[in-house]
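Colleague: take a look and give me a structure for this.
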Amino acid sequence: MNDEEKMPSIGDRRHGRVLVCMGDDRPDQWAPWLESLVIDFEQLETTADERALELQSGSARRKLRGWRNFCEALGVEIGSQFWEGSMTSGQFVMGWIKAGGVRDAKKAGNAILEQIRQALLSQLRAASIKELQRVTDLDALIERTRDDRPALLAQTRHLTAALAESQATRSALEEALAALRKNDNSALNLDCVRLAGAVLNKERARLLAGPLVLWDDGVVYAFTSRGRAPLPDDSAPSILLKHLRRSGHPTVEVGERTEIARGLSGPHFRTGTAHISGWLNVWREVEQGRERTFIVTDPIRMPTVRAIHDYFKVQPGSPA
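Modeller: Numbering: from 1, shown residues only. Sure, this is the predicted structure:
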């Protein structure tokens, strides 16, 4: 590890594998999608330890303890190399995954986390019922639960809310997928289905579906107006956007007010069309000789909107 020039970076490919984490003793550099999953896992692991519960992942043969076990369960190979300095030493660890295996790893990670959440919730409920069954005197029950009842209730509410949120999101997006499939079989419709699936699996990706974009931060950015023209209400992106809002998934509406000419009556702005076919390339389009003017309710989101436009305008398939 002394040869700095040969040190790979997160996302680099070597021998058919992709580097997804690395660091001294424990990774401090992660692929964003893996870091998000590991953080969620470690929070659940802490909850299990605090409540003396088992961390059940749905398989008797797979007992997960620590970030390394969890990563390996997703198909990440963790390797280490000893290093020694003048005053200290340690292990430099690197995690690699087979090229093309990221999508399956994300699905596996989310499935494991969901199994752990449900198992913890079941154990909490079972422990509460067992405790109640041992108490026959009402005064004794009140005294016994005086100290730990708030913490128990808070933890139960947390796990219940997490489970309910996951189920609500899944239900809303399944309805959206069904509606999209009935809409038509166009390329845009298929892109919307892919985006909905990525949201459902809590993926961190850069996916484009006409006026909709799922970005690295997990937020869906939606072009909903150009000039005075709104996004066509009966289109696949509009249908998906409505279900995303209903599910509570974070969305950001984006408008455009790009001046393209100026006449006696005042400025003329780029406007949208009444049919969805005119919205397919709204994130890719480039105005010759001028910057596009975007509108976002929350100014904090503007740099991200700019970054999305800058990213997709140079991707294959962008308008000339």
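Colleague: can you give me the helices in the stretch 201-320 of the chain?
Modeller: Ranges of helices in the stretch 201-320 of the chain, per DSSP state H, counting those that start in this stretch, are 236-247, 302-312.
Colleague: residue 35: which of those helices is closest?
Modeller: Checking the helices of the stretch 201-320 of the chain against residue 35 by CB to CB gives helix 302-312 as the closest, at 18.8 Å. C-betas here are computed from N, CA, C, even on glycine.
Colleague: follow-up on the earlier one: tell me the most buried of the helices of the stretch 201-320 of the chain?
Modeller: Mean neighbours per residue, mean count of other CB atoms under 10 Å, is largest over these for helix 236-247, with a mean of 21.
Colleague: and it, what does it pack against?
Modeller: Secondary-structure packing of helix 236-247 (3 or more CB pairs under 8 Å, 6 or more residues apart in numbering; DSSP states H and E): helix 149-183, helix 187-200, strand 207-209, strand 212-214, strand 220-226, strand 251-256.
Colleague: now do it, average pLDDT.
Modeller: For helix 236-247, mean pLDDT rounds to 88.
Colleague: next: stretch 73-84.
Modeller: Per-residue pLDDT values over stretch 73-84 give a mean of 84.
Colleague: please name the bridge partners of residue 262.
Modeller: Judged by DSSP bridges, the bridge partners of residue 262 are residue 267.
Colleague: low-confidence bits of the stretch 101-250 of the chain, can you list those?
Modeller: By pLDDT under 70, the low-scoring segments of the stretch 101-250 of the chain are 128-186.
Colleague: recalculate using a threshold of 80.
Modeller: For the stretch 101-250 of the chain, applying pLDDT under 80 flags the ranges 124-187, 201, 204.
Colleague: convert the C-alpha atoms of the longest strand seen in the chain to PDB, please.
Modeller: Ranked by residue count and defined by DSSP state E, the top strand of the chain is strand 89-98. Written as PDB, here are the backbone C-alpha positions of strand 89-98 (Å, rounded to 0.1, in the frame of the first residue of the first chain):
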ATOM      1  CA  SER A  89       0.400  -0.900  12.600                       C
ATOM      2  CA  GLY A  90      -2.800  -2.200  11.400                       C
ATOM      3  CA  GLN A  91      -4.800  -3.900   8.600                       C
ATOM      4  CA  PHE A  92      -5.800  -2.100   5.400                       C
ATOM      5  CA  VAL A  93      -9.100  -3.500   4.300                       C
ATOM      6  CA  MET A  94     -10.600  -3.400   0.800                       C
ATOM      7  CA  GLY A  95     -14.000  -4.600  -0.300                       C
ATOM      8  CA  TRP A  96     -14.700  -5.800  -3.900                       C
ATOM      9  CA  ILE A  97     -17.800  -6.900  -5.700                       C
ATOM     10  CA  LYS A  98     -18.200  -8.700  -8.900                       C
END
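Colleague: alright, that wraps it up for me.
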